[in-house]
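K.L.:
no FASTA, just this:
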């Protein structure tokens, strides 16, 4: 997860749990077959129960909806051997960076919490490093147990740039912990349930995923948004590259092979980018610290063109406030061509809570939307134009420049 505004759970290595917005669930269930290769696979519905014990420790337990075409057994989201050793456990991702980092909310079977008013969170990134922090019911987070080498993450908002955990992910996990305490605390039975979608973890097959999260289209608000929400989204578009390019950066991470770190970029910095800044960021996304990865551009372009062809056929569909993930493997094997079958590149559409799907139109009703989503197509065209420009430059030198002290964050991924 490189962007987004909420955390996501991990059901298993290849499946994540995203909070189940009814509109988005409906969209996934009725999605046209032609679009499915460009979206995460929908795998059903799951109920996640937050249970707080007498010590104030919250345990998360998942059970699958028996009406879905998934295994219908109620189970903790771990293997039985892990449950025996660690108690009930469910992992939580940041959004859909999903994907490069994860957090465990867990109750240790043999060790009680340090204080009765706290739940423990154990954080681990994609390289299996871990850090624990404690989140109190009042929302206060105790960072005192974090190693000094990780403390820069606390100063993320002050522009500190080096950390061994993803600052955005930590922020989302803290936010979710506060939400869980609030939900459970307001319930007299100390237990609350929420419905989640099971979706394919599209980064599971990547070792060092380089991810670019792009908010697509000139229009971001949905038809059912309130006037206040519409105005807010219109202003974000007008004040960002969305209005000129049909897209803006919502998040980014790119692996640096020279120092085994990730460079990260968040959505707030993305909103501030000019057109030139967007171009620079796109180039930064392809820079691995040693060379510009021009070898991945052509496969990405081919995939984007294929997606464009499909969207052109989807009359009356609109993908408002949707994102496009561009992903490639950051660690290129020596002598390996990106065209090899083992090479990894992916393009996926995500976030369909505000999307509109075509529905049968009666003879006495005029459709509110006709033709394909021109705003989304406009954004795709601009992305492809900019990638073609970079490819034509035929430069393999690194850009060697940051995009502002508060915009660029580095994550130490060394063992």
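P.N.:
Thanks, I have the structure now. These figures come from a predicted structure and were not determined experimentally.

K.L.:
quick one: mean pLDDT over stretch 381-395.
P.N.:
Here stretch 381-395 scores 91 as its mean pLDDT.

K.L.:
what's the answer for stretch 322-340, then?
P.N.:
Mean predicted lDDT for stretch 322-340 stands at 81.

K.L.:
ok, now which ones touch the closest residue to residue 195 other than its chain neighbours?
P.N.:
The shortest distance from residue 195 to any residue other than its chain neighbours is 4.1 Å, reached at residue 20 (C-beta to C-beta, 6 or more residues apart in numbering). C-beta: built from backbone N, CA, C; applies to glycine. For residue 20, the contacting residues are 45, 194, 195, 196, 197, by C-beta atoms under 8 Å, 6 or more residues apart in numbering.

K.L.:
where does this protein dip in pLDDT?
P.N.:
1-6, 53, 55-60, 64-178, 180-181, 183-191, 334-343, 360-367, 394-415 (pLDDT under 70).

K.L.:
helices of that one, start to end?
P.N.:
Taking DSSP state H, the helices of the chain run over residues 22-29, 80-86, 167-185, 227-238, 242-245, 267-272, 275-285, 297-312, 374-393.

K.L.:
which of those sits most buried?
P.N.:
Of the helices of the chain, the one with the most neighbours on average (mean count of other C-beta atoms under 10 Å) is helix 167-185, at a mean of 21.

K.L.:
related to what we said a few turns ago, next step: the contacts of residue 20 restricted to strands.
P.N.:
45, 194, 195, 196, 197 (DSSP state E).

K.L.:
I'd like those laid out as JSON lines, including neighbour count and distance to residue 357.
P.N.:
Listed next are the ones in strands among the contacts of residue 20 as JSON lines, based on neighbours: other C-beta atoms under 10 Å; distance: C-beta to C-beta, whole Å:
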{"residue": "45", "neighbour count": "19", "distance to residue 357": "19"}
{"residue": "194", "neighbour count": "16", "distance to residue 357": "25"}
{"residue": "195", "neighbour count": "15", "distance to residue 357": "21"}
{"residue": "196", "neighbour count": "21", "distance to residue 357": "21"}
{"residue": "197", "neighbour count": "22", "distance to residue 357": "16"}
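
K.L.:
wait, which of the residues you listed is closest to residue 393?
P.N.:
Among those, residue 197 lies closest to residue 393 (C-beta to C-beta), at 41.0 Å.

K.L.:
OK, contacts around the residue lying closest to residue 293 once chain neighbours are set aside?
P.N.:
If the residues on either side of it in the chain are set aside, residue 293 comes closest to residue 286, at 4.7 Å by C-beta to C-beta, 6+ apart. When contacts are counted by C-beta under 8 Å, 6+ apart, residue 286 touches 254, 292, 293, 294, 296, 297, 390.

K.L.:
isn't the fifth one right up against residue 346?
P.N.:
No: taking C-beta atoms under 8 Å as the contact criterion, residue 296 and residue 346 are not neighbours in contact, 11.0 Å apart.

K.L.:
compare these two (neighbour count), which wins?
P.N.:
Neighbours per residue, other C-beta atoms under 10 Å: of residue 296 and residue 346, the larger number sits with residue 296, 24 against 19.

K.L.:
phi and psi next, for the residue nearest to residue 195.
P.N.:
phi -80, psi 90 (degrees, to the nearest 10).

K.L.:
quick revisit: common neighbours of residue 296 and residue 346, please.
P.N.:
residue 328.

K.L.:
what bridges to residue 319?
P.N.:
residue 355 (DSSP bridges).

K.L.:
typo on my end, it should be residue 324
P.N.:
What pairs with residue 324, by the bridge criterion (DSSP bridges), is residue 214, residue 349.
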